[in-house]
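1. Would you be able to build a 3D model of this:
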Amino acid sequence: MVIPPGIYHRHAAARGPDVFVLTFTNRVQKFQSFVYKRARLVEEAGVAVLLVDIAARANSWLICSGCGRSCRGYDTLKARRFEFVPLWGIKVFFIYVMRRCDCPNCGAVVEAVPWAEGKQQLTKTYAWFLAGWAKKMSWKEVARSFRTTWDHVFQAVEMAVRWGLAHRDIEAVTAIGVDEVQWQHGQKYLTVVYQIDKECKRLLWVGRERTEETLRDFFTLFGAKRSKALKFVCSDMWQPYLNVIAKMAAGALHVLDRYHIVAKMNKALDEVRAAESKDLKAKGYEPVLKKTRWCLLKRPENLTEKQGTTLADLLRYNLKSVRAYLLKEEFGFFWDYIYPARARTFLTGWCKKAMRSRIDPMKKIAQMLRTHQRQILNWFKARDVISLGAVEGLNNKEKLVTRKAYGFRTYKAIEIALYHTLGALPELKTAHSFG
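-> The predicted model follows:
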C-alpha cells in the first residue's frame, strides 16, 4: 500500500508508532463525532493483530439505529470489534464501546455507527474492499488471500448487491432478454432477465425455476409502466415464457433468439446421426458415422484438417445424416437476408424441403419454425437496434460464475453472485481506495 504523502512526518515519528497508526487511520478513514484514541499491536493465537480504539467525542449526539434521529445517550454496552482493511498483512480491528440511545420514537435502542451496519462484524470499508476483489477471484480465494472467512466474503458481497440494487436506475430499459440457465445437477433451473439495449447490457433479475409464475414475478417487480415502455423482448421457445411475454409485454416486438434455434437444429441433426449409426451397426454395415459427431455439428470454417477430410468422405454417402447436415447448412443462409420478406420466402421453401425429407427430427424443426415464424422473422427487424447476441454472451459469463462458485449450495448464494458479477451495479464511493 502506498502511504499518502505527509502522513508520517517527523513529529509523528518522534512520538512513536502509536501516533503514526492513529494519524494514518485518521487520514484514510475519518468519522464525524468520533476519534481514534489508541492503537496497539497484540498477539492473538500466535498471530499479530492491530487494535484501534474509537471513542465518541464529548457531548456528541447519538444516532438512533431505528429511525436515524439524533438522541441523547441512555447507557453503554460491551465493547465490540469491527474488522477493518488489513494493513501490511496485519489484521486490523476497531474497538468501540457501543451505546444505547433514548429515542422518543424507538425507545432505548443501540446507536448507529458510521463505519458498520447493524450487527455486522465487518466495517463498510472492508466489506466494499472484499466485494471488489470478489469480482476478480473466487470467494474462496478472496477469503484465503485476506485471511478471513468465506462467510465474511459472502456478507460483503451481499451488502454490495443490496446497496447496488437499491441505487440502480432501470428507467431507460427498452429491450430485455429472457432465458433459463441450469445451476445445479438435475433439472434445477433459474430464470434470468437481461437488459440488452445497445448502450447497456446487464443482468436485471434472477428467479427460481422456469415457470410462468417465475417470469410473471419479474414483470410484477418491473412494473406495468416500464413493461409497457419495452420495445423488444428476446427469448427462446420455452412455452411458459412465450405465454407470459404475450400477456405482460404485448406491445413489445417479440424476437426468438437465433442461438436457441441453431442449437435445436444441431440437436435434431445429432439425433439423426446417433440413430442412423446405431442402425448401421445393427445391420452389419461399415461404421462410416463413427467419430463424426463434431464433423457434422461444427461450422465448416471451424473444422480441423482431419475433420474436414472426414466430412468430405462422409458426404459421398447417401445417408439421412448427410441429408440432415445439408439441410442444416442450407438454413444458415437464412440469417444473411436483409429484408424480412425475402427471408420469409426462404423459410417457407426450406420448411417444405424439410417436410419432404422423411427425416423425423428435421420435420419437427420445420414444424417448430412454422409455428413461430412471426417471432423468428422479427429477428431481422431487431438485429441492428439491440444486442441480440448479448443474451448468450451473458449466459457464458453466468457459467463462469457458477464454476467459480465453490461452496454455493443455496439459491440465495448463486443469486447474489450473479447480481454481483453481471448486474453492473453501482458502487458506493468510499473515502479511500484500498484496491
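2. can you pull the contacts of the nearest residue to Val244 once chain neighbours are set aside?
-> Nearest residue to Val244, sequence neighbours excluded (C-beta to C-beta, 6 or more residues apart in numbering): Leu215, at 4.4 Å. For the C-beta atoms, the positions are set from N, CA and C on the backbone; glycine is no exception. Counting by C-beta atoms under 8 Å, 6 or more residues apart in numbering, Leu215 touches Val178, Thr191, Val193, Gly207, Pro240, Tyr241, Val244, Ile245, Met248.
3. Ile245: how many residues sit nearby?
-> 21 (other C-beta atoms under 10 Å).
4. Render the CA-only coordinates of the helix or strand harbouring it in PDB, please.
-> Here Ile245 sits within helix 239-248, counting by DSSP states H and E. Presented in PDB, the C-alpha positions along helix 239-248 are these (Å, rounded to 0.1, in the frame of the first residue of the first chain):
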ATOM      1  CA  GLN A 239     -43.800 -22.100 -23.900                       C
ATOM      2  CA  PRO A 240     -44.300 -20.700 -20.300                       C
ATOM      3  CA  TYR A 241     -42.100 -17.700 -21.300                       C
ATOM      4  CA  LEU A 242     -44.000 -17.200 -24.600                       C
ATOM      5  CA  ASN A 243     -47.300 -17.200 -22.700                       C
ATOM      6  CA  VAL A 244     -46.200 -14.600 -20.100                       C
ATOM      7  CA  ILE A 245     -44.500 -12.300 -22.700                       C
ATOM      8  CA  ALA A 246     -47.500 -12.300 -24.900                       C
ATOM      9  CA  LYS A 247     -49.600 -11.100 -21.900                       C
ATOM     10  CA  MET A 248     -47.300  -8.900 -19.900                       C
END
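5. so which of the contacts of Leu215 would you say is closest to Leu319?
-> Leu319 has its nearest neighbour among those in Tyr241, at 35.9 Å by C-beta to C-beta.
6. what is the closest residue to that closest one other than its chain neighbours paired to in the beta sheet?
-> With C-beta to C-beta, 6+ apart as the criterion, Tyr241 has its nearest non-adjacent residue at 4.9 Å, and that residue is Ser235. With DSSP bridges as the criterion, Ser235 is bridged to Leu256.
7. Look up how far Gly393 lies from Ser235.
-> The gap separating Ser235 from Gly393 is 16 Å, by C-beta to C-beta, to the nearest Å.
8. and what of Gly284?
-> Applying C-beta to C-beta, the value for Gly284 to Gly393 is 47 Å.
9. Between the two, which is the more surrounded one?
-> Gly393 (14 against 6).
10. list the contacts for that one?
-> Per C-beta under 8 Å, 6+ apart, neighbours of Gly393: Lys201.
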